[in-house]
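Enquirer: have a look at this fold, sequence not included:
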């Protein structure tokens, strides 16, 4: 009769069980393929003196969540360009590539990265049906709504609700949930924003909104001028930006304070990017209980600026990580996003990044964080690769 193999004491620079805070200098004891204990490394060595100690990797944690993607853009080429070149040179010419085939490619990339929980912006109706029917995938698929014309807001709202309610009837118990995404502060009229936010609040629908991504957006709301205003005016619409806004721009107006004035923040949307904000903006976000998703690679590649993580942390705002689209973020792998975030935020504790990728992402899409705890079957996917957080 052979003796039982010795337990393994797996160590990593950061260990996060999904409960409490990530720890440095921790470990996980695995015996017969089952988690026997987690905790401080010195305590585990004392409690399991015969355990075979192994360095597992830099991080032991549940798989990260990709809290903001555009899966249906996954056939687009990646190009790092200034924001106002990227739109006409990448987004518009490749619009024909956006759709079901791109989403399928995106799902393959997502699975290959070890992520099965996602917050995805959906532009094509067939993609929503695909995501709702994908086994093993969970999170939120947000139907994207754009219409800056206040005169057509009611009709656009009715059409969006009809679609969303139809998809909600297809939701499974453990699969993807349906949400809604008013695209951005300047592409949705004040009237439509108000209608969508009220609907989301009443129905408990998750929302995502692109906010304060590029400095031109901040300038647009404060002065009514700049590159984004020029783009708006070139479209020669029968209404002005002021019509879309429902008011005049002003020196105290920001994209975030504009949403707050409409009551949109009361629906607790997740705000994407949030690069160009004031401290008052962050206070408003915190008091409303909204979470934020940062996409460091996309922000850098499109020359949008750097997210002020310390400011949001100081006010207790939940921060998650997203990859945006492959066209701006290069890959859909959150581990790649973490590596880049480490270079952009060198003063940020690696434990903060790991928590954002796991618990922050889970909270954004309304998922429970899986726990690494005694009695759970050990899963190798809990070990994240090297060169990640150092």
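Expert: Arrived safely. Just so you know, these numbers come straight off a predicted model, no measurement behind them. Numbering: from 1, shown residues only.
Enquirer: please name the nearest non-neighbouring residue to residue 35.
Expert: Excluding its sequence neighbours, the residue lying closest to residue 35 (Cβ to Cβ, 6 or more residues apart in numbering) is residue 376, at 4.7 Å. In short, each C-beta sits where N, CA and C put it, glycine included.
Enquirer: please read the previous query as pertaining to residue 245.
Expert: Excluding the flanking residues, the one nearest residue 245 by Cβ to Cβ, 6+ apart is residue 190, at 6.0 Å.
Enquirer: what do you get for residue 17?
Expert: Per Cβ to Cβ, 6+ apart, closest to residue 17 is residue 372, 4.3 Å.
Enquirer: and for residue 286?
Expert: In space, and not counting its chain neighbours, residue 286 is closest to residue 315: 4.2 Å by Cβ to Cβ, 6+ apart.
Enquirer: and residue 215, by the same measure?
Expert: Of all residues not flanking residue 215 in the chain, residue 276 sits nearest, at 5.4 Å (Cβ to Cβ, 6+ apart).
Enquirer: what number of residues lie near that neighbour?
Expert: Neighbours of residue 276 under the rule other Cβ atoms under 10 Å: 23.
Enquirer: show me what contacts it?
Expert: Shown in contact with residue 276 (Cβ atoms under 8 Å, 6 or more residues apart in numbering): 212-215, 217-218, 254-255, 305.
Enquirer: so how far is the helix or strand harbouring residue 59 off the chain centroid?
Expert: Under the criterion of DSSP states H and E, residue 59 resides in strand 52-60. How far strand 52-60 lies from its chain's middle: 28 Å, per Cα atoms, centre = their mean, to the nearest Å.
Enquirer: just the buried ones from the contacts of residue 276?
Expert: Among the contacts of residue 276, those buried by neighbour count (16 or more other Cβ atoms under 10 Å) are 212-215, 217-218, 254-255, 305.
Enquirer: A strand includes residue 119, no?
Expert: Yes - the assignment for residue 119 is a strand, going by DSSP: H, G, I helix; E, B strand; the rest coil.
Enquirer: so it makes contact with residue 293?
Expert: Yes - using Cβ atoms under 8 Å, residue 119 makes contact with residue 293 at a distance of 7.2 Å.
Enquirer: which neighbours do these two share?
Expert: Shared contacts of residue 119 and residue 293 (Cβ under 8 Å, 6+ apart): 67-68, 208, 270, 322, 364.
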